[in-house]
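Chemist: mind folding the following:
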Amino acid sequence: MFDGPNNNVLVGMQCPNADCESFAPLRIDVTATADVYDDGTDPMTFTDVDWEEGSFCKCMTCGFLGTVREFHTA
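Modeler: Below is the predicted model:
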């Protein structure tokens, strides 16, 4: 289990639940770009993964549900 402050894509994020305060993993609704074919997507073409402050966010440690904004610590 990850127990230190995030220093990459989740920098400044932490579960806001006072009983948890986990740094990761977080499940976030994201937008992405991919090449899509009739029989599916090419997983090697997923690019530009992004999310917004209002995107759904869930702490995978305790199940706390909220938005990315709520998970920002600063």
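Chemist: stretch 11-23: which residues count as buried?
Modeler: 13-17, 22-23 (16 or more other C-beta atoms under 10 Å). Backbone N, C-alpha and C define where each C-beta goes, glycine included.
Chemist: redo the residues you listed as CSV? Include secondary structure and distance to N7.
Modeler: Listed next are the buried residues of stretch 11-23 as CSV, based on DSSP: H, G, I helix; E, B strand; the rest coil; distance: C-beta to C-beta, whole Å:
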residue, secondary structure, distance to N7
M13, strand, 11
Q14, coil, 12
C15, coil, 17
P16, coil, 19
N17, coil, 21
S22, coil, 15
F23, coil, 10
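Chemist: dig out what the spatially most central residue of the chain forms beta bridges with.
Modeler: Nearest to the mean C-alpha position of the chain, by C-alpha atoms, centre = their mean, lies I28 at 3.4 Å. Listed by DSSP bridges, the beta-bridge partners for I28 are C57.
Chemist: got it, and G66?
Modeler: With DSSP bridges as the criterion, G66 is bridged to C57.
Chemist: okay, it: pLDDT?
Modeler: Note on G66: pLDDT of 98.
Chemist: hang on, it packs against S55?
Modeler: No: applying C-beta atoms under 8 Å as the test, G66 and S55 come out as separate, 10.1 Å apart.
Chemist: pick the one among the buried residues of stretch 11-23 closest to C62.
Modeler: Nearest to C62 out of the buried residues of stretch 11-23 is N17 (C-beta to C-beta; 5.4 Å).
Chemist: contact partners for the closest one?
Modeler: 59, 62, 64 (C-beta atoms under 8 Å, 6 or more residues apart in numbering).
Chemist: brilliant, that's me finished.
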